[in-house]
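Engineer: sequence below, structure please.
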Amino acid sequence: MRKQSDSLQLSCRFRSSFLCLAIMVGFAMIGGRLFFLQVLNADQGADQVKRQQERSMTVKADRGRITDRHGKSLALNIEVPSLFAEPGSIPHPVQTAKKLAPLVNISVSRLAKILQKKHSFVWIKRQLDHASAQSIEGFSLPGIHTIQETRRLYPKGLLLAHALGFAGIDNQGLEGIERRYDPYLKGENSLRNLQRDALGRLLVPVGLGNQRPSHGHHLRLTIDEVIQYIAEQELDKALDRTGAKRGMILIMEPGTGAMLAWALRPSFNPNHLLRLSPNRWRNRAITDPYEPGSTLKIVTAAAALEKGIVNPGTLIYGGEGSMKFAGTVVHDPAKSGWMTFSEAITHSSNVGIIKTALSLGKESLYEYLHAFGFGEKTHIDLPGESGGILKSPEHWGNRTLASIAIGQEIAVTPIQLIAAMSSIANGGWLLQPYLVSEIRDSSDTLIFQRTSEVKRRPISHKTAKTLTGLLENVVRNGTGKRAQVSGYRVAGKTGTAQKFDTKTGKYSSSKLIGSFVGFVPSENPALTILVILDEPKTKAWGGVIAAPVFSRVAERVLQYMGVTPSAPRAIKTAFVVRNRNGTVPRIP
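Structural biologist: Numbers count the residues shown, from 1 in each chain. As a prediction, the model looks like this:
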């Protein structure tokens, strides 16, 4: 009996000792684990806690504003709510999807799949309207949150759309000035910390990370909003009258190269791009070269006058309105016998200008075409520019000299043509066209300022003055009579170009381009204006459909600018702006 009692006591002592030992080992393990977590691995533990309590999100920098020359906003930013989810924090994805789907315009099945993704963060809908965001916030759904983002807004809608271009949902410039100056406009993003409460719900942003966003720079354009509005309004009226497929009005300040208006139709609203074809925002003033027709005769005339081959009174035989050349027959609109060179320009004689080009020769004509900027990019500050098509003389055919003289077998861009006419207007200087006059940072400090830059001088002041007189006569007595502006002297040239039909291999008799390019007041030019109407359904003569548009635009703009007939605006001197080290400033 005593032995049994001793055995029982010994067993109890053993069990107690084992239990104590197990407890001690347990405490040692817990202590070791705590020592590992709190001492040896303290930094990693703190990071894990921080990750559980906070989430970092990229904060987009505010994109810089774009304004016209007077500071009127053309592109700016507004704050809009965006919706995102944390799938791991959503207890009932399908029920949540059913509540959200009608407000975000996503099907329930698709939204449920999004909410069940194995990601810690997913976007549901970017840039919601405020009413929908308020409704969603009212649900207080676990794992569903809104955050404020900026959206690009173009407050004038269609106005200047092709030149401005647009930015994407992630604040990146995609077309036009928005794309060309994207490195300056977009700024630098930063991170924002979002904090969780005890239930794991995200709270409102508690502040910024170590780096604040560096907001984008602001651009001031050379464009005048009022002049742009006039150009677009008159272009719309012209398209209604003529039924033209497309149209364009460009306005340049001839003494500086600064663009005052850039109007193209059809247009688009950069605020609403869904379902629009890229053709709608194609900037055809720089991307699409075309055969200009008789407006190009200004180059042959300028070259012949500069070389001394002709003067305004030089007699040319018109061949009674026709001329055989290289196996083809060239016709004039009207029969003519002997005429002066001035009369050939006034009435846009094909025969007269071709005979002048033959006297000039192909090498000289090519030289002056190149000098006026054809066959090369103008390097205007817009993306996607074409240099046009100008073959070197060794690749010219038997008829090419005659064709180019009257604006065929060559393709030019509208910006090249208006720059060339402006060089006649300003005394012979070919200037660099541009759209952005200055860049300022977010604190309004001037970063860059641009004024005129001379590329070269194709003709002398004397030749420019003589040619101006000939172009005035085009408007006074010739094909451009309808471009007259009461009280002002106007110089310009009409153009009617046949479009080449690739199916027939011939020039079309029905698909035509009517145009007029000129400057006013011709004695002290304030404006160079180019009007192009593509494939009109009415008469297509440039002097009939485009010249009147020039007249209406010029009259309204001159009145707006305060350029009165009795007090014409003085010519601005063209010059190259250089840095202190002597280099011409350029924007990368």
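Engineer: now do the SS call for Asp444.
Structural biologist: coil (DSSP: H, G, I helix; E, B strand; the rest coil).
Engineer: how about the nearest residue to it, chain neighbours excluded?
Structural biologist: Distance criterion CB to CB, 6 or more residues apart in numbering; nearest residue to Asp444, sequence neighbours excluded, is His218 at 7.7 Å. (Each C-beta comes from the backbone N, C-alpha and C, glycine too.)
Engineer: quick one, what contacts the one you found?
Structural biologist: Contacts of His218 were listed using CB atoms under 8 Å, 6 or more residues apart in numbering, and they are 64-67, 439-442, 444.
Engineer: which stretches of the stretch 301-450 of the chain have low pLDDT?
Structural biologist: The model of the stretch 301-450 of the chain has no residue with pLDDT under 70.
Engineer: all strands for the stretch 151-300 of the chain, in order.
Structural biologist: 166-167, 173-175, 190-196, 202-208, 218-221, 246-252, 259-265 (DSSP state E, counting those that start in this stretch).
Engineer: could you identify the helix or strand that succeeds the helix or strand in which Ile78 is found?
Structural biologist: Taking DSSP states H and E as the definition, Ile78 sits inside strand 73-85. Later in the chain than strand 73-85, the nearest helix or strand by DSSP H and E is helix 93-104.
Engineer: how far off strand 73-85 does that next one point, in degrees?
Structural biologist: 160 degrees (axes from the mean of the first three to the mean of the last three CA atoms, to 10 degrees).
Engineer: buried residues, helix 93-104. List them.
Structural biologist: 93, 96-97, 99-101, 103 (16 or more other CB atoms under 10 Å).
Engineer: can you name every helix or strand that it contacts?
Structural biologist: The contact analysis (3 or more CB pairs under 8 Å, 6 or more residues apart in numbering; DSSP states H and E) places helix 93-104 against helix 108-115, strand 122-125, helix 130-139.
Engineer: pLDDT below threshold where in the stretch 101-250 of the chain?
Structural biologist: 189-213.
Engineer: what's the distance between the spatially closest residue to Gly319 that is not a sequence neighbour and Lys186?
Structural biologist: Nearest residue to Gly319, sequence neighbours excluded (CB to CB, 6+ apart): Val351, at 5.5 Å. Plainly put, Val351 is 56 Å away from Lys186 if you go by CB to CB, to the nearest Å.
Engineer: Ala75 now?
Structural biologist: 12 Å.
Engineer: ok, back up a step: verify the stated contact: the residue nearest to Gly319 with Val329.
Structural biologist: No: with contact defined as CB atoms under 8 Å, Val351 does not count as touching Val329 (10.4 Å).
Engineer: got any residues that touch both of these two?
Structural biologist: Joint contacts of Val351 and Val329 (CB under 8 Å, 6+ apart) are 322-323.
Engineer: which of the two has more neighbours?
Structural biologist: Val351 (24 against 9; other CB atoms under 10 Å).
Engineer: quick one: what helix or strand has the more buried one in it?
Structural biologist: Using DSSP H and E, Val351 falls in helix 350-360.
Engineer: apart from its chain neighbours, what residue comes closest to Thr314?
Structural biologist: Leaving aside its chain neighbours, Thr314 sits nearest to Phe341 (4.4 Å; criterion: CB to CB, 6+ apart).
Engineer: could you pull up the contacting residues of the one you found?
Structural biologist: Shown in contact with Phe341 (CB under 8 Å, 6+ apart): 301, 304, 310-316, 352, 356, 470.
Engineer: please export the C-alpha coordinates of whichever helix or strand comes after the helix holding Val351 as CSV.
Structural biologist: Note on helix 350-360: by DSSP H and E, the next helix or strand toward the C-terminus is helix 362-371. Output of helix 362-371 as CSV, limited to C-alpha atoms (Å, rounded to 0.1, in the frame of the first residue of the first chain):
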residue,chain,number,x,y,z
LYS,A,362,14.4,73.8,-113.7
GLU,A,363,17.5,74.3,-111.5
SER,A,364,16.6,77.9,-110.7
LEU,A,365,12.9,77.1,-110.1
TYR,A,366,13.9,74.2,-107.8
GLU,A,367,16.3,76.5,-106.0
TYR,A,368,13.6,79.1,-105.3
LEU,A,369,11.0,76.5,-104.3
HIS,A,370,13.5,75.2,-101.7
ALA,A,371,14.4,78.7,-100.6
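Engineer: now the residue positioned nearest the centre of the chain: how far from Leu264?
Structural biologist: With distances taken as CA atoms, centre = their mean, the residue of the chain nearest its centroid is Gly176 (1.6 Å). Remark: distance between Gly176 and Leu264 (CB to CB) = 11 Å.
Engineer: joint contacts of the two?
Structural biologist: 162, 283.
Engineer: C-terminal to the helix or strand hosting Ala302, what's the next element?
Structural biologist: Ala302 belongs to helix 297-307 when assigned by DSSP H and E. Next in sequence after helix 297-307, counting helices and strands by DSSP H and E, comes strand 315-317.
Engineer: neighbouring contacts of that next one?
Structural biologist: By CB under 8 Å, 6+ apart, strand 315-317 touches 337-341, 344, 349, 351-352, 355-356.
Engineer: after that strand comes which helix or strand?
Structural biologist: Note on strand 315-317: by DSSP H and E, the next helix or strand toward the C-terminus is strand 322-325.
Engineer: give me the sheet partners of that next one and which way each runs.
Structural biologist: strand 328-331 (antiparallel) (DSSP bridges).
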